[in-house]
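K.L.:
The sequence and its predicted three-dimensional model are supplied below.
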Amino acid sequence: MSGQAAAKAEARKAAFARRKAAHAAAGPGAAAQLSAVLAGYRAVPLAGYMPIRTEIDPRPAMEEAAAHGAVGVPVIVAEGQPLRFSRWTPDCAMTDGPFGARIPARAEYFEPEILIVPLVAFDVCGNRLGYGGGYYDRTLEYLRARHAALAIGFAYDAQEADNLPLEGTDQRLDMIVTESRVLTIPRG
C-alpha cells in the first residue's frame, strides 16, 4: 500500500469511528439545516442519497424537496464511471443496489444541478474523504464540465478533520451542512 493509500485508510478508520459515535448520539431533526438550505433552491433538480451504515440521513430534506421538483438518488452503473441519478419519491418502489444502497426499482435518469454528497470526513476548505471508489469525484468533474453543479457535503459535525490526505482528482465541495451549521466554501 502506498503512503497516500495508507494515510487515507488511517483517516477513514478514525473518521468512521467519529461518525459512528455521532450517529449513535444523534436525535431527531439532524436534517433541519439541510432542509433550510434546500428551501432556497426550490424546483432545482437535486440528488440526495439513501443512507447506509452510520451516514447522516438526508431523506427528511429530500422528501420536502420532492414536493417541489425532481429528486434523485445515485446509481452505480459501472466501476470507474460517473454515477447516474434516478428519480426518487418518498413512496417509490426500491431495490438493493451495489454496496447496499437502495435505488429506485424503475430507473428514470436525469442530471441534477444540486448534489447532496455523503462523506466519511471533511475539512473547512471543502475537501472530503469518501469511501475510496472515486464515484463522486468523477461525477462532480463530469457534471461541472456540463453545467453549474452545487455539491453539498452532508455530515455530522464530528466528521470534521484536519489535514485530510488529498489527491489531484479530489473534487471540492461548495458547501458543507451538518446537524448544527452551514459552511459555504469560497471559490478561488
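P.N.:
The structure has been received and is ready for your questions. Numbering: from 1, shown residues only.
K.L.:
Pull up the per-residue confidence for residue 100.
P.N.:
The model reports residue 100 with a pLDDT of 75.
K.L.:
That one contacts residue 55, doesn't it?
P.N.:
No. Look at residue 100 against residue 55 with CB atoms under 8 Å: they stay out of range, at 11.0 Å. For every residue, glycine as well, the C-beta is placed using N, CA and C.
K.L.:
Show me which of these two is the more surrounded one.
P.N.:
More crowded of residue 100 and residue 55, by other CB atoms under 10 Å: residue 55, with 19 against 9.
K.L.:
Can you get me a residue count around the nearest residue to residue 129 once chain neighbours are set aside?
P.N.:
Ranked by CB to CB, 6 or more residues apart in numbering and with sequence neighbours excluded, the top spatial neighbour of residue 129 is residue 121, at 4.2 Å. For residue 121, the number of neighbouring residues by other CB under 10 Å comes to 25.
K.L.:
Residue 133 versus residue 121, what's the distance?
P.N.:
15 Å (CB to CB, to the nearest Å).
K.L.:
Same check on residue 117?
P.N.:
Taking CB to CB, one finds residue 117 at 13 Å from residue 133.
K.L.:
do you know how far the residue nearest to residue 129 is from residue 24?
P.N.:
17 Å.
K.L.:
Can you list the low-confidence ranges for the protein?
P.N.:
Scanning the chain for pLDDT under 70 picks out 1, 188.
K.L.:
which residue packs closest to the residue most central in space within it, ignoring adjacent ones?
P.N.:
For the chain, the residue sitting closest to the mean C-alpha position, by CA atoms, centre = their mean, is residue 117 at 1.3 Å. Nearest non-adjacent residue to residue 117, counting by CB to CB, 6+ apart: residue 153, 5.0 Å away.
K.L.:
Quick check: buried residues in stretch 178-185?
P.N.:
178, 179, 183, 185 (16 or more other CB atoms under 10 Å).
K.L.:
Tell me the secondary structure of the third one, please.
P.N.:
Put plainly, it is residue 183. Secondary structure state of residue 183, per DSSP: H, G, I helix; E, B strand; the rest coil, is strand.
K.L.:
Let me see the contact set for it.
P.N.:
With contacts defined as CB atoms under 8 Å, 6 or more residues apart in numbering, residue 183 is in contact with 124, 126, 175, 176, 177.
K.L.:
Now for the last one, how many residues are close by?
P.N.:
Going back to what we said before, that points to residue 177. Counted with other CB under 10 Å, residue 177 comes out at 26.
K.L.:
Might one say that it is in contact with residue 38?
P.N.:
No. Here residue 177 does not reach residue 38: they are 9.1 Å apart, not a contact under CB under 8 Å.
K.L.:
For the lengthiest helix in the chain, name the packing helices and strands.
P.N.:
Assignment by DSSP state H gives helix 3-25 as the longest helix of the chain. Packing partners of helix 3-25 (3 or more CB pairs under 8 Å, 6 or more residues apart in numbering; DSSP states H and E): strand 121-122, strand 128-129.
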